[in-house]
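Colleague: structure for this input, please:
(one chain, ligands or ions: 1)
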Amino acid sequence: MSTLFISDLHLCAGRPQSNAAFFGFLEREARGADALYILGDLFEYWAGDDDLDDPFNASVVAALARLVASGVPTYLMHGNRDFVIGAAFARASGVQLLPDPTLLRLYGQAVLLMHGDTLCTLDLQYQAFRREARSEAWIGRLLRQPLVERKAAVEDLRRKSEQEKHIKSAEIMDVAPAEVEAQLRRYGYPRLIHGHTHRPARHLHTVDGHACERWVLADWYQEGSYLACDASGCRAVSLRAS
Ligand code: MN
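Modeller: All right, here's what the predicted structure looks like:
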């Protein structure tokens with residue numbers, strides 16, 4: 001038995017390949033897991049829980065609900081694309097929403113879970129936007145707009161963020177090593193698992209003499225991938241290869 005971690009699926013109706021990989025993963029690999037953690041950006045964007053009736057969104061919720069009903073506890077952390085996922089989504093799907101960051105003990109080891117965007121502190125412009133957009137006032141203003149307008153507004157934000165990706169340097173878009181070390185120190189030198197940067201890797205950080213493993217989860221644009229952890233450690237698994 002192992003615990004599985006995924007992130008950055010960026011599901012949307014227009015990306016059938018990753019959707020199929022995700023639905024297959026929930027039916028097969030995830031079925032025998034101790035738990036499944038989804039560390040943000042499950043959706044390409046989420047306009048609000050009043051969009052649960054959208055046929056594509058409903059199909060994702062139903063697939064998650066089937067996994068939860070099969071006995072696999074499933075947890076969801078917000079990403080920067082779907083941070084207005086709320087209580088109605090959690091009720092409909094049966095997933096439990098997790099704060100970012102979350103520190104847990106897994107098979108006797110401390111594990112720190114994050115989406116990963118808060119580690120990208122060199123991107124000052126994004127961090128300023130993030131602070132504003134995560135405020136109750138900003139979210140309240142967004143959710144008061146009619147759904148159709150909101151979808152257009154969120155789509156607009158998404159397009160801008162895609163454009164900025166091409167302007168910003170690779171270094172600015174990645175995590176800041178100093179911030180990673182600060183968080184590892186703050187949480188007692190755990191293993192860190194995060195997504196967001198779409199740069200899957202296993203890194204080793206030595207902080208104050210403690211060796212800490214940092215796993216970066218893969219995105220699902222090309223193919224599915226997950227991290228499986230048990231008492232002996234973690235391994236990244238590509239769905240194509242498995
Ligand atoms: Mn992200």
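
Colleague: middle-most residue in the chain, spatially?
Modeller: residue 40 (1.8 Å; Cα atoms, centre = their mean).

Colleague: would you mind listing what in the protein touches the ion?
Modeller: Taking Cβ under 5 Å from the ion as the criterion, the chain approaches the ion at residues 41, 79-80, 196. The way it works is simple: take the backbone N, C-alpha and C, and place the C-beta from them, glycine included.

Colleague: right, and the residue nearest to the centre of the chain touches residue 198 too?
Modeller: No. Counting by Cβ atoms under 8 Å, no contact exists between residue 40 and residue 198, whose distance comes to 11.9 Å.

Colleague: so what sits against both of those two?
Modeller: Taking Cβ atoms under 8 Å, 6 or more residues apart in numbering as the contact rule, residue 40 and residue 198 both touch residue 8.

Colleague: in the helix or strand containing residue 63, what's buried?
Modeller: Following DSSP states H and E, one finds residue 63 within helix 55-69. Along helix 55-69, these residues count as buried under the neighbour rule (16 or more other Cβ atoms under 10 Å): 57, 60-61, 63-64, 66-68.

Colleague: would you format those residues as JSON lines with distance to residue 117 and pLDDT included?
Modeller: As requested, the buried residues of helix 55-69 are exported to JSON lines (distance: Cβ to Cβ, whole Å; pLDDT from 0 to 100):
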{"residue": "57", "distance to residue 117": "23", "pLDDT": "98"}
{"residue": "60", "distance to residue 117": "22", "pLDDT": "98"}
{"residue": "61", "distance to residue 117": "24", "pLDDT": "98"}
{"residue": "63", "distance to residue 117": "25", "pLDDT": "98"}
{"residue": "64", "distance to residue 117": "23", "pLDDT": "98"}
{"residue": "66", "distance to residue 117": "30", "pLDDT": "98"}
{"residue": "67", "distance to residue 117": "26", "pLDDT": "98"}
{"residue": "68", "distance to residue 117": "26", "pLDDT": "98"}
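
Colleague: specify which member of those residues is nearest to residue 100.
Modeller: For the buried residues of helix 55-69, the residue nearest residue 100 by Cβ to Cβ is residue 64; the value is 18.9 Å.

Colleague: so how far is the ion from that closest one?
Modeller: With the distance defined as Cβ to the ion, to the nearest Å, residue 64 ends up 19 Å from the ion.

Colleague: can you give me every residue that contacts that residue?
Modeller: When contacts are counted by Cβ under 8 Å, 6+ apart, residue 64 is found next to 26, 74, 93-95.

Colleague: and with 10 Å instead?
Modeller: With contacts taken as Cβ atoms under 10 Å, 6 or more residues apart in numbering, residue 64 has the following neighbours: 22, 26, 30, 36, 38, 42, 72, 74, 76, 89-90, 92-95.

Colleague: what's the distance between it and residue 30?
Modeller: 10 Å (Cβ to Cβ, to the nearest Å).

Colleague: and for the two, which residues touch both?
Modeller: Counting by Cβ under 10 Å, 6+ apart, the contacts common to residue 64 and residue 30 are 22, 36, 72, 74.
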